[in-house]
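**Q** Here's my sequence, what's the structure:
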Amino acid sequence: MTVITESNSYSGTGGLTEGVAAVAQVSDVGLVRLRKKCATASNQARNTLRIAALNVGTMKGRSSEVVETMERRGVDVCCLQETRWRGASARKISGKAAVYKFLWSGKDKGTGGVGVLVSERWIDNVFEVKRVSDRIMLVKLNVGEVVLAVISVYAPQVGLNDSVKDAFYDDLLSLTLSIPSSNILTICGDFNGHIGELSAGYEGVHGGCGLGARNTEGERILEFSVAHNLVVTNSCFRKKPDHIVTYKSGTSISQIDYILVRKRDRKLVRDVKVIPGEECAPQHRLLVGDFTIALPPTTRRKFVPRCRTWKLREHEQKGHFQQLFESSSSNLARPLPDDSPDSIWGNLKACLLSAADQVCGHTKEHTWRRETWWWIS
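**A** As a prediction, this is how the structure comes out:
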């Protein structure tokens, strides 16, 4: 029998053994690479948090559809604008296979409004909600050992008075300054401004991958980012036009939705893109950002030996323990007048522990063996 590999031939039983060993070695290398690749993908999926922004137009009559869209796109936290729900409250919304918690802040008239959708995985991690107005809202949640502060914003439209715009940015300024530097800050939403295609004087804030020409509102966004050491993540990734445009109405296209983070947290952002074609938002498009947040490693608990006191339930062990304790504590029957309560208790405790050690013993650390991932039989 002959086994042939690339340039070597093996004949006979010995040759067959060597050939199988060579093939097995190659297979092992491939399996090791596959295992590393799968482990890397698993770690990235476990540590990746997807944050999104979407102007839904209204949540009336389409809340379940929005939730199903977020579940299908794997969104963990989504900042919504123009929710048009009255008042300020929170409720759970169920889709076909997912449950999200919707926290919102709106007007009594049922116009405008902002909100934040949190997936079921992170609902219990939310520990603070601050509703500044119907245009600004803050949600804080624990992600591993860090605090993620998500601000959902809906900036005034171009045609509104400057006083309304000034009030909006004043509120956003106060809220941003209140976020501790140890938190991961993310500001997402509809800013109603065009930052332009090129950075042109805002190199530290604008990544140079925008769309169209800059207007006054877009320049104000960039100035706000410069003042607070933020970066517009949309402009940091070169994409096709379909993955940049956040608003489309007829032949008019623009980029007015953004995700802002602190410059020091820019390294956490793996990708930011627009997902077109979602029916829950007829004009605006879903903007998603993938964040790599290192979760704390699962450390094995340090082994601490324990006295196996459950052995005292047996009649024989219980009698043996009683004899040892009585013999060792016979000298403690009559404490001296100078003995303090602490010393008396210390001596009694030593007798109890000594008897328990002799009768019960202590637990031993278990020797863990890693499960074999692959073998050749």
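**Q** Now do the helices in the protein.
**A** Counting by DSSP state H, the chain has helices at residues 12-47, 63-72, 162-177, 216-227, 315-328, 341-359.
**Q** Quick one: residues contacting Pro276.
**A** Neighbouring residues of Pro276 by C-beta atoms under 8 Å, 6 or more residues apart in numbering: 242-243, 245, 248, 285. Every C-beta, even on glycine, is put in place using the N, C-alpha and C of the backbone.
**Q** so how far is Thr83 from it?
**A** Distance of Pro276 to Thr83, computed by C-beta to C-beta, to the nearest Å: 21 Å.
**Q** What of Thr69?
**A** Relative to Thr83, Thr69 is positioned 15 Å away (C-beta to C-beta).
**Q** Ok, Met59 next?
**A** 5 Å.
**Q** And the two? Which one has more around it.
**A** Thr83 (29 against 22; other C-beta atoms under 10 Å).
**Q** That one touches Val114, doesn't it?
**A** Yes. Contact criterion C-beta atoms under 8 Å: Thr83 and Val114 qualify, at 6.5 Å.
**Q** Now do the shared contacts for these two.
**A** Joint contacts of Thr83 and Val114 (C-beta under 8 Å, 6+ apart) are 104, 106.
**Q** and Gln323, how many neighbours?
**A** For Gln323, the neighbour count with other C-beta under 10 Å is 11.
**Q** do you know how far it is from Cys351?
**A** From Gln323 to Cys351 the distance is 12 Å (C-beta to C-beta).
**Q** Give me the common contacts of Met59 and Thr83.
**A** Here Met59 and Thr83 have 104, 115 as joint contacts, going by C-beta under 8 Å, 6+ apart.
**Q** Output the below-cut-off pLDDT ranges for this protein.
**A** 1-46, 294-301, 331-336, 366-377 (pLDDT under 70).
**Q** Go again with 80.
**A** Applying pLDDT under 80 to the chain flags residues 1-47, 294-303, 329-339, 344, 365-377.
**Q** where exactly do the strands run in the stretch 51-200 of the chain?
**A** Per DSSP state E, counting those that start in this stretch, the stretch 51-200 of the chain carries strands over the ranges 77-81, 88-94, 99-105, 114-119, 126-131, 136-143, 146-154, 184-190.
**Q** Would you reformat the ones you listed as CSV and include distance to Ile221?
**A** Shown next, in CSV, are the strands of the stretch 51-200 of the chain (distance: least, C-beta to C-beta, whole Å):
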stretch, distance to Ile221
strand 77-81, 15
strand 88-94, 26
strand 99-105, 21
strand 114-119, 17
strand 126-131, 22
strand 136-143, 15
strand 146-154, 10
strand 184-190, 10
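**Q** related to what we said a few turns ago, so which of the contacts of Pro276 is the most crowded?
**A** Arg285 leads the contacts of Pro276 on contacts (other C-beta under 10 Å) with 24 neighbours.
**Q** quick one, what contacts that residue?
**A** 54, 245-248, 257, 274-278.
**Q** Who wins on neighbours among the residues you listed?
**A** Leu54 (29 neighbours).
**Q** what bridges to that one?
**A** Going by DSSP bridges, Leu54 is paired in beta bridges with Leu80.
**Q** If I follow the layout properly, it ends up in contact with Gln283?
**A** No. Using C-beta under 8 Å, Leu54 is not in contact with Gln283, being 10.8 Å away.
**Q** What residues of stretch 229-248 count as buried?
**A** Across stretch 229-248, burial judged by 16 or more other C-beta atoms under 10 Å covers 230-237, 243-247.
**Q** Tell me which entries of these lie within strands.
**A** Of those, the ones assigned to strands by DSSP state E are 230-232, 247.
**Q** that older thread, and of the strands of the stretch 51-200 of the chain, who's closest to Gly201?
**A** Closest to Gly201 of the strands of the stretch 51-200 of the chain, according to C-beta to C-beta: strand 184-190, at 21.2 Å.
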